[in-house]
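K.L.:
pasting the sequence and the predicted model now:
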Amino acid sequence: METVNTFSGKLLRGIRKEAGFTQAELARRVNISRETIIAIENEHPRTIQSLELDIVRRWWKACHIKVSSHTKHTFVDYIMQFLKL
């Protein structure tokens, strides 16, 4: 299993889009600014390097009910790689 050193903003963008949220809607649900959502999704180096797992957790909590089973499994696998489990 390959280890992951930084979190994927592209993965989070895909989850948001599949859940049907705009950046503004998700920002309200996650309690961060729309600009931060944009920076995460565009993988702005400073933002991605300082991305807290709590934000990822809130992002997932807002979106997980609306995404496919495949996306859920992909996300769990990604988190396991990220945490080196």
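P.N.:
Great, that's in hand.
K.L.:
which parts of the lengthiest helix in the chain are buried?
P.N.:
Scanning the chain for the longest helix, with DSSP state H as the assignment, gives helix 69-82. Under the neighbour-count criterion of 16 or more other C-beta atoms under 10 Å, helix 69-82 has 71, 75, 78, 79, 82 buried. Just so you know, the C-beta spots here come from the backbone N, C-alpha and C atoms, and that holds for glycine as well.
K.L.:
for the helix or strand bottoming out on mean pLDDT in the chain, packing partners?
P.N.:
The helix or strand of the chain with the poorest confidence is helix 45-49; it has a mean of 89 (mean pLDDT, DSSP states H and E). Helices and strands touching helix 45-49, by 3 or more C-beta pairs under 8 Å, 6 or more residues apart in numbering; DSSP states H and E, are helix 34-41.
K.L.:
one step back: any chance of the buried residues of helix 69-82 in CSV, with pLDDT and distance to residue 45 too?
P.N.:
Below are the buried residues of helix 69-82 laid out as CSV (pLDDT from 0 to 100; distance: C-beta to C-beta, whole Å):
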residue, pLDDT, distance to residue 45
71, 97, 26
75, 95, 22
78, 92, 19
79, 92, 21
82, 88, 17
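K.L.:
out of the residues you listed, who's nearest residue 30?
P.N.:
Top of the list for closeness to residue 30, among the buried residues of helix 69-82 and by C-beta to C-beta, is residue 75 at 15.3 Å.
K.L.:
thought residue 15 was touching the closest one, still the case?
P.N.:
Yes - using C-beta atoms under 8 Å, residue 75 is in contact with residue 15, at 6.7 Å.
K.L.:
now for these two: what residues contact both?
P.N.:
Residues touching both residue 75 and residue 15 (C-beta atoms under 8 Å, 6 or more residues apart in numbering): 60, 67.
K.L.:
which residues are in contact with the residue nearest the centre of the chain?
P.N.:
Centroid-nearest residue in the chain, with C-alpha atoms, centre = their mean: residue 12, separated by 3.1 Å. Counting by C-beta under 8 Å, 6+ apart, residue 12 makes contact with 40, 41, 56, 59.
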